[in-house]
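>>> Okay, sequence plus prediction incoming.
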Amino acid sequence: MFDVKSQSPSSLSSDAVTLGSIDDLTSVLPDGIDPALRQICEITDHPVECVVAAITFLDEKAPIEPLSVLKAGIQAMDNQTREALEEVTKLSLDPTTPKDVVPVLEKCREVYNAILISDQKSYEAIDDRNLVRLSTELGANVENALGCDDAFREAKVESPMKAMDALLGKIINNSLSIGFDMAHFWKDGLKG
């Protein structure tokens, strides 16, 4: 399920209308969903988040193809990670945050910074047309996305980042699916 009120270019998080499928999303979008975008996003585990990421971050001049949707997904991932970093920083500086939670938040900061670095390497892999490196970076982000939640679980504390991490995980999963299953951009065989 994904909640939508109005999507700004800076955020994928919202809370007014609950959407469980692409058909639900189509009903609230004035122009519907481009059939090519729908086809790409339907192969993912989280098609609604895929469509929202694409329409939020896809360059208007870009053709709707797996590579452009993948780039939009990486941009959405980067954006969601930056929002999570802002939240972790705010919580770390909040004097009401329990002192035993601050080290857990620091672990989250490390995880989110690792995702941002991996996002940059993913863009470089796309530019280099290197599918192996792209898959490695996106795969690393799957593990990274679990890091903050795992740190809170180990500390036996409810994570204040749970919702943000869940959305981030969906975006990462979608990007990995599109990158691995659809972005066949290598030249002269598989480049590694």
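Right, received. Where do you want to start?

>>> so where do the helices sit in the protein?
22-28, 35-41, 47-57, 66-93, 102-127, 131-154, 162-181 (DSSP state H).

>>> and those helices as TSV, adding mean pLDDT?
Putting the helices of the chain into TSV (pLDDT from 0 to 100) gives the following:
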stretch	mean pLDDT
helix 22-28	54
helix 35-41	91
helix 47-57	90
helix 66-93	95
helix 102-127	95
helix 131-154	91
helix 162-181	92
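
>>> most neighbours per residue, which of those helices?
Sort the helices of the chain by mean neighbour count, taking mean count of other CB atoms under 10 Å, and helix 47-57 sits at the top with a mean of 23. (Glycine included, C-beta is placed from N, CA and C.)

>>> That one relative to helix 162-181, how many degrees between them?
What separates the directions of helix 47-57 and helix 162-181 is an angle of 90 degrees, with axes from the mean of the first three to the mean of the last three CA atoms, to 10 degrees.

>>> now Arg82: how far from Val88?
For Arg82, the distance to Val88 (CB to CB, to the nearest Å) stands at 11 Å.

>>> do the same with Ser122
Between Ser122 and Val88 the distance, using CB to CB, works out to 22 Å.

>>> Repeat that for Gln39.
36 Å.

>>> With adjacent residues omitted, what lies nearest to Thr97?
Using CB to CB, 6 or more residues apart in numbering and skipping the chain neighbours, the partner closest in space to Thr97 is Leu91 (5.3 Å).

>>> quick one, what contacts Lys107?
Going by CB atoms under 8 Å, 6 or more residues apart in numbering, Lys107 touches Gly147, Cys148, Ala151.

>>> can you tell me how far the last one sits from Asn113?
Here the distance between Ala151 and Asn113 works out to 14 Å (CB to CB).

>>> Also Glu83?
According to CB to CB, Glu83 and Asn113 sit 14 Å apart.

>>> swap in Arg129?
Arg129 sits 27 Å away from Asn113, going by CB to CB.

>>> Show the contacting residues for Ile172.
Met77, Ile115, Leu138, Asn141, Val142, Ala145.

>>> tell me which of those is nearest to Pro95?
The nearest member of the contacts of Ile172 to Pro95, counting by CB to CB, is Ile115 at 27.7 Å.

>>> In contact with the closest one, which residues?
So Ile115 contacts Met77, Asp78, Thr81, Asn141, Asn144, Ala145, Leu168, Ile172 (CB under 8 Å, 6+ apart).

>>> again, only this time at 10 Å
Listed by CB atoms under 10 Å, 6 or more residues apart in numbering, the contact set of Ile115 reads 77-78, 80-82, 84-85, 122, 137, 140-141, 144-145, 147-148, 168, 172.

>>> Asp34 is in contact with Ser68, isn't it?
No. Assessed by CB atoms under 10 Å, Asp34 is found out of contact with Ser68, at 11.3 Å.

>>> anything in contact with each of those two?
Taking CB under 10 Å, 6+ apart as the criterion, Asp34 and Ser68 both touch Ile40, Ala54, Leu58.
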